[in-house]
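Enquirer: model this:
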Amino acid sequence: MQGKSYEWEWIKDYDKAEENYSKVIDLDKNNKQAYFNRAQIRLLYLKNCEGAISDINEESELSSVGWNSTKFSGLGLVYLDCYKPSKLEKAIYYLNKSIDDEHDSYVFAKLGEAYLQKNDYENALKNFNHALELDKRIWDAVYSYRGSIYQKQKKYVDSLIDLNNAIKLKGVNYENVKKEFEQIYKEAIIYYTKKIERESNKSISYFDRGRIHKIYSEKEKAKVDFEQCLKLSTDFLLIEKVQKEIDELF
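Expert: Prediction:
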């Protein structure tokens, strides 16, 4: 019967899958794998949050290792995905507990998401960075979330690099990320243009605006800004960086 549940999952009939896992559990109250699988179905697809919590608790009681990192992360994910923003503190507590003995990029990513919802950008960045160190292709939203933080911090080059990486992954939010990428590009150009107009030392802003154009594949505009930077700058290290950027353009 458990095999039948897998079949329903495969064709994405999650109500039937849940029903079959429930029948498996009725026949064997000690089947911890069935509790675990039903918890995932309830959390990810049916949004039956109380049911997911109940299954996680049951599976934990049956597990020989007891309350380990997997159980803590399970509860953390339930509280984050089902009860946001009312139970963010619980989500953060359980996700942090799971990280004590776990190196799961997805958990770090979700912990970053929880901190982002609290506007705690420092901790959000720390966890997004850790998630991407473990798996650079984990999830397009991680790049998108981190890019949104960089945007708020006016770190437009870093923001656009992250959004470009998110676009390359072609995830479920592909179209929305493309729109955000375009919007931040326009915002960044306005920001650096104003800096160029008011600053006495314009070379760095020309360099930064050139990099923004380059990321957005506006190569000719990037070249113009890089060449303007070269005319104005006497900083050897900056000149070296600009020349490298020009060499990479064509």
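
Enquirer: Going by C-alpha atoms from here, please, whenever you check contacts or count neighbours.
Expert: Will do.

Enquirer: any idea where the strands of this structure begin and end?
Expert: Along the chain, counting by DSSP state E, no stretch forms strands.

Enquirer: Walk me through the domains of it.
Expert: According to automatic domain parsing, the chain comprises the domains 1-66, 199-250.

Enquirer: Taking the centroid of this structure, which residue is nearest it?
Expert: Val142 (1.4 Å; CA atoms, centre = their mean).

Enquirer: So what's the residue count around Trp139?
Expert: 19 (other CA atoms under 10 Å).

Enquirer: Tell me who's in contact with it.
Expert: By CA atoms under 8 Å, 6 or more residues apart in numbering, Trp139 lies in contact with 166, 169, 171.

Enquirer: just Asp28 next, same as before
Expert: Applying CA under 8 Å, 6+ apart, no residues contact Asp28.

Enquirer: how close does it get to Lys47?
Expert: For Asp28, the distance to Lys47 equals 24 Å [CA to CA, to the nearest Å].

Enquirer: now swap in Gln33 and tell me
Expert: Counting by CA to CA - Gln33 and Lys47 are separated by 19 Å.

Enquirer: contacting residues around the residue nearest to the centre of the chain?
Expert: Residues near Val142 by CA under 8 Å, 6+ apart: 109, 128, 132, 166.

Enquirer: which one among these gets closest to Ser86?
Expert: Of all the contacts of Val142, Ser86 sits closest to Ala109, with 19.5 Å by CA to CA.

Enquirer: The closest one contacts Ala131, doesn't it?
Expert: Yes - shown here, Ala109 and Ala131 form a contact pair, counting by CA atoms under 8 Å, at 5.4 Å.

Enquirer: Common neighbours of those two, please.
Expert: With CA under 8 Å, 6+ apart, Ala109 and Ala131 have no common neighbours.

Enquirer: picking that back up, put the buried members of the contacts of Trp139 into a PyMOL selection.
Expert: Selection of buried members from the contacts of Trp139 for PyMOL, criterion 16 or more other CA atoms under 10 Å:
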select buried, resi 166+169
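
Enquirer: average pLDDT across the lengthiest helix in the chain?
Expert: Ranked by residue count, the top helix of the chain under DSSP state H comes out as helix 174-198. Mean per-residue pLDDT for helix 174-198: 96.

Enquirer: Name the residues of it that are buried.
Expert: 174, 177, 180-181, 184-185, 188-189, 192, 195-196.

Enquirer: got it, and stretch 242-250?
Expert: Counting neighbours by 16+ other CA under 10 Å, stretch 242-250 gives 242, 245-246 as buried.

Enquirer: Show me the helices in the chain, by range?
Expert: 2-10, 14-27, 32-41, 49-62, 69-83, 88-99, 105-117, 121-134, 140-152, 156-169, 174-198, 203-215, 219-232, 236-249.

Enquirer: for the third one, the distance to its chain's centre please.
Expert: Looking back up the chat, that one is helix 32-41. 25 Å (CA atoms, centre = their mean, to the nearest Å).

Enquirer: and if you look at the last one?
Expert: Here helix 236-249 is found 31 Å from its chain centre; the criterion is CA atoms, centre = their mean.

Enquirer: Output it as PDB, restricted to C-alpha atoms.
Expert: The C-alpha trace of helix 236-249 is given here as PDB (Å, rounded to 0.1, in the frame of the first residue of the first chain):
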ATOM      1  CA  PHE A 236      46.700  52.100 -10.700                       C
ATOM      2  CA  LEU A 237      44.600  49.300  -9.100                       C
ATOM      3  CA  LEU A 238      41.400  50.800 -10.400                       C
ATOM      4  CA  ILE A 239      42.800  51.200 -13.900                       C
ATOM      5  CA  GLU A 240      43.900  47.500 -13.800                       C
ATOM      6  CA  LYS A 241      40.300  46.500 -12.800                       C
ATOM      7  CA  VAL A 242      38.800  48.600 -15.600                       C
ATOM      8  CA  GLN A 243      41.100  47.200 -18.200                       C
ATOM      9  CA  LYS A 244      40.100  43.700 -17.200                       C
ATOM     10  CA  GLU A 245      36.400  44.600 -17.500                       C
ATOM     11  CA  ILE A 246      37.000  46.000 -21.000                       C
ATOM     12  CA  ASP A 247      38.900  42.900 -22.100                       C
ATOM     13  CA  GLU A 248      35.900  40.800 -21.000                       C
ATOM     14  CA  LEU A 249      33.400  42.800 -22.900                       C
END
